[in-house]
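Engineer: Fold the following for me, if possible:
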Amino acid sequence: VPHSRSSGMLRVPSSAQEVGPAEAVTDEDIAKGLVDEHVDYLRRRKLCMFLMVDGSGGELSLYPKDGDQITLSAEAGRLVVFRHDRISYAYRPDSEDDLV
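Structural biologist: As a prediction, this is how the structure comes out:
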């Protein structure tokens, strides 16, 4: 049975000093289709699962496109699932050691 999967994404907190400046998009990147692939990913993403595995907590803010901001405490063991095409989010950890 044919199926489709998208790649998972892992976000790792880091400082600007650790990462350095962002790389510029080159003509070669555009020719390879990397920009189109990223835009396609942004258009197709539908579901986001946010799991606070371990840490001191923090704050998860949800920003619905057609509503008011919702703020939740990020607690170990909490799973938040939402439509990423309709809601954006911001996570503010209490510590750099949080595992999300």
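
Engineer: which stretches of this protein have low pLDDT?
Structural biologist: For the chain, the stretches with pLDDT under 70 are 1-19.

Engineer: Please, where are all the helices along the protein?
Structural biologist: Ranges of helices within the chain are 16-19, 27-32, 34-44, based on DSSP state H.

Engineer: Next, format those helices as a markdown table and append distance to residue 98 and mean neighbour count.
Structural biologist: C-beta coordinates here come from the backbone N, C-alpha and C atoms, glycine included. Converted to a markdown table, those look like this (distance: least, Cβ to Cβ, whole Å; neighbours: other Cβ atoms under 10 Å):
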| stretch | distance to residue 98 | mean neighbour count |
| --- | --- | --- |
| helix 16-19 | 16 | 8 |
| helix 27-32 | 32 | 10 |
| helix 34-44 | 25 | 11 |
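
Engineer: Could I get the ones you listed in JSON lines, plus columns for distance to residue 52?
Structural biologist: What follows is the helices of the chain, written out as JSON lines (distance: least, Cβ to Cβ, whole Å):
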{"stretch": "helix 16-19", "distance to residue 52": "22"}
{"stretch": "helix 27-32", "distance to residue 52": "34"}
{"stretch": "helix 34-44", "distance to residue 52": "24"}
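
Engineer: Okay, buried residues for stretch 60-74 please.
Structural biologist: Using 16 or more other Cβ atoms under 10 Å as the test for burial, stretch 60-74 gives 60, 62, 74.

Engineer: what's the spacing between that stretch and its chain's center?
Structural biologist: How far stretch 60-74 lies from its chain's middle: 14 Å, per Cα atoms, centre = their mean, to the nearest Å.

Engineer: If anything else comes up later, I'll come back, but that's it for now.
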